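In: I would like the atomic coordinates for the input below:
(one chain, ligands or ions: 1)
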Amino acid sequence: MSRPAVCEGDRRGRGTVAKQPANNLAIMARRRGLLLPIAVGVSCINCGFAFAPAHQSTSHQRTTRRTTRSALSAVKVKTSSPSKSSSRLSRTSAFTDWAKENNIKYAGVEVSSGGDNSGLGLYVTQDINANDVLIQVPTNMVIQAESPDYNTVMEREVFDSNPKAYRNLQWWAALSVQLNYYDKINPVNDKAGGISIQPWLNSLPRVYDTPAFNWAESSLEELQYRPMIEAVALQKRAWKKEFETVQKAASKDFLSKVSFEDFVWGCETARSRAFSGAYSGSAFNPIPYATVTVLVAVYVALGIGSIEQAANGAALVICGSILKDFVVPKLLKIQKYVICPLIDMANHVGTGAAGNVSFEYFADGYSLSALSNAKKGSEMFISYGPRSNDQLLQYYGFVEEQNAHDIYILPPIREWDIGQLEEACGRKIGNGRLEKLDRVGLLGKAAANSENPDAANDIGGVVLTRASGIDPAVTQALRALISTDSEWQDSGESIGNFAEMVSAENEQAARTVARRAMELELESKPTTIEEDVNLLKVMQDKDGVDLAVKFRLEKKKLLQEAISRMR
Ligand SMILES: C[S@@+](CC[C@H](N)C(=O)[O-])C[C@H]1O[C@@H](n2cnc3c(N)ncnc32)[C@H](O)[C@@H]1O
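Out: Below is the predicted model of the structure:
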C-alpha cells in the first residue's frame, strides 16, 4: 500500500502506545536559532555517494523481448509489515521510558504506526511551529562509527588479537559488530555511563524488506532492471567479504554468538538507520577557552608581556580548537556514521520533509527539529537525502512513488542498437565517430570492474534523472555520433565542439536517437506499465504490496516521462 510522499494530516485508526512526555524539552519555548548556535547538518546514509550501480554489458542487449505470462505467479505478496509493526509498537513504551530515564529529551512527538508498510514512525502530538526542537539526544547515547573507526571497546572486547581488522572494516560492518555486541554479548554501553541499551535494541526491526538477503532470486528478476540486480549481487559479495574479515579476527566468544545472519541484520540496521556527516571533531569544549582567558589575564596583569603578545597566544589556542573540530576532519574527509535512538524512528520523504536532524556543537548532541509548522496527528518525516528508488529499495526496503530523485540507468551507448537508431533518425553513423567517443569515455565500459558496492554507475550507463532528463554529456555524444560529414568536419572532428547545438537538424536527429533508445529499453521489458498497474491493484486488493513490481513500475514511468519530453 502506498502513501503520499508528503506529510500526512490527521491519521485515523493508528495505534498509540508511547506515552506523552510530561516534562521533557520545553519545545515550545525553544527556537533553533537561539539554541543551536552551530548546528552541523547531517544526512541519512549514502549521502554523498552518487549511487548508480554498475551493470554488465550482456544484460542489456536488445535480445530481450516482452513475453506474455502470468506475472503474478512469480511475485511475492507481502502482508507481514503491519503486524510486524504492531508487535514492535508494543515494545515502544519500554523504549521511550528508557529514553526519558537516560536524558533523551522529547516533546511534541511520539513513536507510533501509521498502519501502512513504513513500520513505525514519529507522529506529532500537538501543533508545532517551525524551528521547534522536538528531540535531543546526547552524543553519549548514540552508536557511531568513523572511517577508520577506533572504538577501544570493540577492539578490546572483540578484536583483541587483531584490532586493525576492526579499524578497517567498512562503516556499516563496524556498526553491525557494535550492534551485535550489545545485542548478543553485553548490552551495557560504557560510553553511555554504563547503562543497558537493550530497550532500544528491542525496539529495532528484526527483519527487513531489502532485496539482497531477504528476497528469492526469482523476486530479484521481477525488478526487470539490470543495474539494481547487479548492485544487489555486488552488495552480497561485499557483505560476505566483510564477514569473512570478522570471522578471521573476532574473538571466539563473539563468533559463537553472532552468525552471518546476525551480521547481516546489523548491517541492514546500520544502512537503514544511520546518519552520516563530514563533521567528525569533538563537541564544544569550554576548558581551553576558559584556560586561555585566565592565562591572558594573568599574563597582562603581571606585566609579563604586551596585550598583543597575549592576544597572539590566545588566537593560537582558539585556531587550534577550530582546526581540530572543523578543518582537520574536513581535510581528512573523515565521515562519522551515527545511529541515534528515537531520531532513528523518523521515516523518509523525498521532498517537503517537516523535520531536520542536526548535530549540536555546543549542546554535544543530536536534535530533530521542525522545518515547518506541523499539525497534531501528522507524521514528522525527515529527508534521508536525495535518494533514488535504487538506494531506497536496496538499503531501506521501500520505493517512493513519483520519487523526485529517481534515476534510470540505460545501458552504455556502446550497447545501443545502432541499426535501429540509424533507421529512426534517417542518418548513418559516419567513420571515426564511435572511435572518438570511445577514446573520451563516452561509450561507457564493456564490463564493470569495481567491487565497491557504492561505486557510482561504474559501467558508464546513460543516466536519466527525473529532475532533468538525459545527461547533457550524452546529448553531446549523440550530436557527434549522428553528425553528417560536413557537421563533423566543421567541428574539427572534436567532440568538445558538440557541447552546444550545432544545427536544428542535428539536434532533432540526436533527440530522435535518444528517444528511440529509451523506447527500445521500455519495449524490452517483460511487462508493460499497464500490466504492472493492474498487477499492483490485484496485490493491493489482497492487502499486500509487491516491492519488485512497484519498483519496476516507477522505473518505467520515469522512462516514459523522459520519452515524452523528447517528442
Ligand atoms: C530510519 S528507519 C525509520 C523507522 C522505521 N520505520 C521503523 O519502523 O523502525 C528507516 C526505515 O523506515 C522505513 N521507511 C522510512 N521511510 C519510509 C517511507 N517513506 N515509506 C516506507 N517505508 C519507509 C523503511 O523500512 C526504512 O528502512
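In: tell me the secondary structure for the closest residue to P199 other than its chain neighbours?
Out: Residue nearest to P199 in three dimensions, not counting chain neighbours: W98, with 3.7 Å by CB to CB, 6 or more residues apart in numbering. (C-beta placed from N, C-alpha, C; glycine too.) What DSSP: H, G, I helix; E, B strand; the rest coil gives for W98 is helix.
In: what's the distance between W98 and S196?
Out: W98 is 8 Å from S196, where distance means CB to CB, to the nearest Å.
In: Compare these two (neighbour count), which wins?
Out: The neighbour comparison of W98 against S196 (other CB atoms under 10 Å) goes to W98, with 20 against 15.
In: For E157, see how far away the more buried one is.
Out: From W98 to E157 the distance is 23 Å (CB to CB).
In: W416 now?
Out: Counting by CB to CB, the gap from W416 to E157 is 54 Å.
In: Which one of those two is surrounded by more residues?
Out: W416 (24 against 18).
In: My impression was that I135 belongs to a helix - is that right?
Out: No - I135 is assigned strand when assessed by three-state DSSP, not a helix.
In: which residues does it form a beta bridge with?
Out: I135 has these beta-bridge partners by DSSP bridges: Y106, L368.
In: Run through the residues that contact it.
Out: Residues near I135 by CB atoms under 8 Å, 6 or more residues apart in numbering: 25, 104-106, 109, 122, 342-343, 367-368.
In: any idea of the pLDDT on the residue nearest to P199?
Out: W98 is assigned 97 on the pLDDT scale.
In: these two touch, right, it and W200?
Out: Yes - taking contacts as CB atoms under 8 Å, W98 lies within contact range of W200: 6.5 Å.
In: got a pLDDT number for the one residue in the chain that gets nearest to the ligand?
Out: Minimum separation of the chain from the ligand (CB to the nearest ligand atom) falls at G119, amounting to 2.6 Å. We have a pLDDT of 93 for G119.
In: cool, the one 4 residues further on as well?
Out: Model confidence at Y123, given as pLDDT, is 97.
In: which residues of the stretch 301-450 of the chain score low on pLDDT?
Out: Residues of the stretch 301-450 of the chain meeting the criterion pLDDT under 70: 317-318, 320-333.
In: cutoff 90 now
Out: 301-335, 360-363, 444-450 (pLDDT under 90).
In: Residues of it that sit close to the ligand?
Out: Taking CB under 6 Å from any ligand atom, the part of the stretch 301-450 of the chain that reaches the ligand is made up of 344-349, 396-398.
In: For those residues, could you give me a markdown table that also reports secondary structure?
Out: Below are those laid out as a markdown table (three-state DSSP):
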| residue | secondary structure |
| --- | --- |
| D344 | helix |
| M345 | helix |
| A346 | coil |
| N347 | coil |
| H348 | strand |
| V349 | coil |
| Y396 | helix |
| G397 | coil |
| F398 | coil |
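In: Domain boundaries for the protein, per the record?
Out: What automatic domain parsing lists as the domains of the chain is 27-279+336-396, 286-331, 407-524.
In: shaky segments in the protein?
Out: By pLDDT under 90, the weakly predicted segments of the chain are 1-91, 114-117, 147-148, 191-193, 276-335, 360-363, 444-460, 539-546, 566-567.
In: What residues does it have near the ligand?
Out: Residues of the chain lying near the ligand (CB under 6 Å from any ligand atom): 117-121, 205, 272-273, 344-349, 396-398.
In: how about the residue lying closest to the residue of the chain closest to the ligand once chain neighbours are set aside, what does it touch?
Out: Nearest residue to G119 in three dimensions, chain neighbours excluded: S85, at 5.0 Å (CB to CB, 6+ apart). S85 makes contacts with 113, 115, 119-120, as judged by CB under 8 Å, 6+ apart.
In: switch to 6 Å and redo it
Out: Counting by CB atoms under 6 Å, 6 or more residues apart in numbering, S85 makes contact with 113, 119-120.
In: Count the neighbours of L559 for me.
Out: By the criterion of other CB under 10 Å, L559 has 19 neighbours.
In: Could you do E308 as well?
Out: By other CB under 10 Å, the residues close to E308 number 8.
In: what's the helix or strand for it?
Out: If you go by DSSP states H and E, E308 is part of helix 307-322.
In: so how far is stretch 534-549 off the chain centroid?
Out: Averaging C-alpha positions (CA atoms, centre = their mean, to the nearest Å) puts stretch 534-549 25 Å from its chain's average.
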